[in-house]
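Peer 1: what follows is a predicted structure for the sequence shown.
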Amino acid sequence: MASKLINVESYQAENKIESSLRRAFELLEPKLRPPFPLSIPNLEEYAELNRAILYGVLCEPNFTKTHLKHLHAIVTDGYSFFVSLLVNIVREVYNKLVDSAKKQLVWVAREMVDVLGVGFDELLVCLLRQIVGGDFTKGNLWLCFEVVKIFLDKWDCLLEEEPLVLTSALYTFLRLLADHCRLSSNGEVEMLKQLEIQFCVKMLREQFSLCMRIGRDLIRLLLDLVHLPEFRVIWRDLALNPGEFTTPQFSDISELYRLRTSSRYSLLRITPEMETQLRFLLTHVKLGSQRRYQEWFAKKFLFAPERETLIVDIVRFICCAHHPSNDIIQSDVLPRWAAMGWLLKSCTKSYVEANVKLAMFYDWLFFNERADNIMNIEPAMLLMVYSIPKYIDVTHSLLEFLFLLVDNFDMNHNDLMRTGVLSAFTVLVQKGVVRSLDVLTSCDSLSPILKERLRRLFSASEAIVHKDLQPAHLPHQSIPSLVGPETPTMITAGVSSLSFPYKRKSSLANMQEV
């Protein structure tokens with residue numbers, strides 16, 4: 001019999017979540033119609049009744065209000081168990097739900113906000129994670145529209161009860177808005193974009209102290225939106241008029257640069273399914289055997305040209321949210337730098353390539369050993385090192401981009417960024433990620449200009465002692481096993497020839513011309 005809750009093929013195994021809800025509903029269906037029993041259920045009966053009511057809410061739209069009244073009448077735990085069931089459905093089977101069940105799910109999520117159900121903030125975060133970047137299908141745009149409406153309609157309640165969930169929404173919708181602005185205009189998308197702009201501007205103007213909880217990645221996300229008039233004004237105030245935000249702890253944009261972004265924000269733009277597959281790839285797949293897994297991943301998640309922007313989010317996730325144990329690092333499991341090399345190789349659009357490199361190096365610009373995690377900067381360093389000598393173009397391109405960032409990302413704070421990059425290199429040597437930087441400064445294949453830039457940078461610190469290069473905690477690994485037998489078709493043009501938006505957009509000194 002076809003499921004009323006999820007789309008499932010006849011050859012597929014029974015879904016445990018669907019079957020547990022359905023069986024509870026079938027068992028208790030006579031009790032789900034008024035008049036409801038007056039007896040008080042025990043814990044096991046209470047759990048089964050919650051499952052049955054949830055199945056009824058999702059599969060019987062005509063009786064939704066009846067089921068919800070029943071839930072209100074029997075709830076004894078602040079809706080905690082009911083919300084946990086919703087969270088599990090969103091995480092595990094959202095993509096399999098029939099369309100009518102998705103609509104009911106979003107509706108009941110609104111209701112859980114209204115009744116302040118325990119854990120409703122986690123439920124909203126789970127819904128945010130199911131909105132896929134670069135996906136312009138009707139269903140994905142519908143979900144985005146409905147969720148941003150929840151955050152606008154329930155603004156006062158969320159601000160009072162769970163303000164941090166608003167920062168998760170801001171991070172998500174800033175990122176999604178950048179994708180939606182690249183989509184050819186139509187009525188539905190324009191309406192969605194206006195709602196996203198309304199929410200994001202409201203957050204930035206009315207709750208900037210809350211926005212600062214995101215940290216430096218807030219600036220990275222805003223860079224892609226500076227072409228929009230609403231955000232260009234915000235950029236001008238960030239650079240020149242910080243007092244406009246009426247936030248005592250914010251008097252200069254450098255204060256945001258120094259705030260490390262929590263890894264939980266990096267998770268927001270990766271669906272739970274994507275996270276599971278990436279962690280499997282980086283935990284169980286051996287270097288040299290990864291190609292078929294990478295091809296499967298790309299076919300499933302990066303199958304359309306517009307999905308390419310997801311690579312930026314994946315790289316940020318790998319840098320900031322997937323930190324392998326020492327046992328994994330010392331094994332022959334696919335290292336993070338190799339996965340990032342594959343992702344960089346997959347870029348076909350210059351602006352995506354630039355954003356991917358920025359995602360790799362962003363924490364380098366503001367690195368502070370006391371506040372930042374060396375694991376965030378390790379992959380980019382090792383990718384540069386292990387690309388020598390066979391794929392020197394990769395090393396050349398990455399180093400050139402890094403210095404382009406130092407010189408142009410924010411010309412009012414060049415010293416801060418030089419200090420950050422120097423600190424990053426220094427700590428990478430001190431902590432034994434590499435034993436020396438001679439592999440870069442003494443590389444015959446590297447541009448003399450880049451080598452001179454490196455020498456001038458390193459001469460500012462006595463902490464770097466030149467020795468023979470030997471990675472301290474990784475087995476011998478080579479780029480050929482990263483990319484397979486073919487020569488990688490990297491974009492090898494100089495970074496200065498890329499359509500790199502940050503030089504223009506983030507040179508804050510030029511904001512006086514706005």
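Peer 2: Arrived safely.
Peer 1: going by C-alpha atoms from here, please, whenever you check contacts or count neighbours.
Peer 2: Noted.
Peer 1: give the contact list for the closest residue in space to Arg216 that isn't next to it in sequence.
Peer 2: For Arg216, ignoring the flanking residues on the chain, the nearest one in space by Cα to Cα, 6 or more residues apart in numbering is Tyr257 at 4.8 Å. Applying Cα atoms under 8 Å, 6 or more residues apart in numbering to Tyr257 gives the contacts 215-216, 219, 366.
Peer 1: ok, Leu27 - how many residues close by?
Peer 2: Other residues lying near Leu27 total 12 when counted by other Cα atoms under 10 Å.
Peer 1: do Gly420 as well
Peer 2: For Gly420, the count of nearby residues is 21 (other Cα under 10 Å).
Peer 1: so it touches Asn368, yeah?
Peer 2: Yes: judged on Cα atoms under 8 Å, Gly420 makes contact with Asn368 at a distance of 6.5 Å.
Peer 1: picking that back up, how near is the residue nearest to Arg216 to Asp372?
Peer 2: 12 Å (Cα to Cα, to the nearest Å).
Peer 1: same deal with Ser331?
Peer 2: Relative to Asp372, and taking Cα to Cα, Ser331 is found at 25 Å.
Peer 1: so those two - more neighbours on which side?
Peer 2: Between Ser331 and Asp372, counting by other Cα under 10 Å, Asp372 is the more crowded of the two (18 against 15).
Peer 1: could you give me the average pLDDT of stretch 356-368?
Peer 2: Across stretch 356-368, the average pLDDT comes to 98.
Peer 1: what sits up against it?
Peer 2: Taking Cα under 8 Å, 6+ apart as the rule, stretch 356-368 contacts 257-258, 260, 311-313, 315-316, 319, 344, 372, 376-377, 379-380, 398, 401-402, 405-406, 416-421, 423-424.
Peer 1: swap the cut-off to 6 Å and go again
Peer 2: Applying Cα atoms under 6 Å, 6 or more residues apart in numbering, the contact partners of stretch 356-368 are 312, 316, 380, 417, 420-421, 424.
Peer 1: again with stretch 77-95
Peer 2: 50, 117-118, 123.
Peer 1: in it, which residues are buried?
Peer 2: Across stretch 77-95, burial judged by 16 or more other Cα atoms under 10 Å covers 79-87, 89-91, 93-95.
Peer 1: ok, now stretch 61-75?
Peer 2: Neighbour-count burial for stretch 61-75, with 16+ other Cα under 10 Å as criterion, is recorded at 64, 66-68, 70-71, 74.
Peer 1: could you do stretch 191-208 as well?
Peer 2: Quick answer for stretch 191-208 (16+ other Cα under 10 Å): 192-193, 195-197, 199-201, 203-204, 207-208.
Peer 1: switch those over to JSON lines; also include pLDDT, distance to Val148 and secondary structure.
Peer 2: Conversion of the buried residues of stretch 191-208 to JSON lines gives the following (pLDDT from 0 to 100; distance: Cα to Cα, whole Å; DSSP: H, G, I helix; E, B strand; the rest coil):
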{"residue": "Leu192", "pLDDT": "97", "distance to Val148": "8", "secondary structure": "helix"}
{"residue": "Lys193", "pLDDT": "97", "distance to Val148": "10", "secondary structure": "helix"}
{"residue": "Leu195", "pLDDT": "98", "distance to Val148": "7", "secondary structure": "helix"}
{"residue": "Glu196", "pLDDT": "98", "distance to Val148": "7", "secondary structure": "helix"}
{"residue": "Ile197", "pLDDT": "98", "distance to Val148": "10", "secondary structure": "helix"}
{"residue": "Phe199", "pLDDT": "99", "distance to Val148": "8", "secondary structure": "helix"}
{"residue": "Cys200", "pLDDT": "99", "distance to Val148": "10", "secondary structure": "helix"}
{"residue": "Val201", "pLDDT": "98", "distance to Val148": "13", "secondary structure": "helix"}
{"residue": "Met203", "pLDDT": "98", "distance to Val148": "12", "secondary structure": "helix"}
{"residue": "Leu204", "pLDDT": "98", "distance to Val148": "15", "secondary structure": "helix"}
{"residue": "Gln207", "pLDDT": "98", "distance to Val148": "17", "secondary structure": "coil"}
{"residue": "Phe208", "pLDDT": "98", "distance to Val148": "19", "secondary structure": "helix"}
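Peer 1: what is the nearest of those to Lys154?
Peer 2: For the buried residues of stretch 191-208, the closest approach to Lys154 (Cα to Cα) belongs to Phe199, at 11.4 Å.
Peer 1: distance of that closest one relative to Val147?
Peer 2: Distance from Phe199 to Val147, counting by Cα to Cα: 11 Å.
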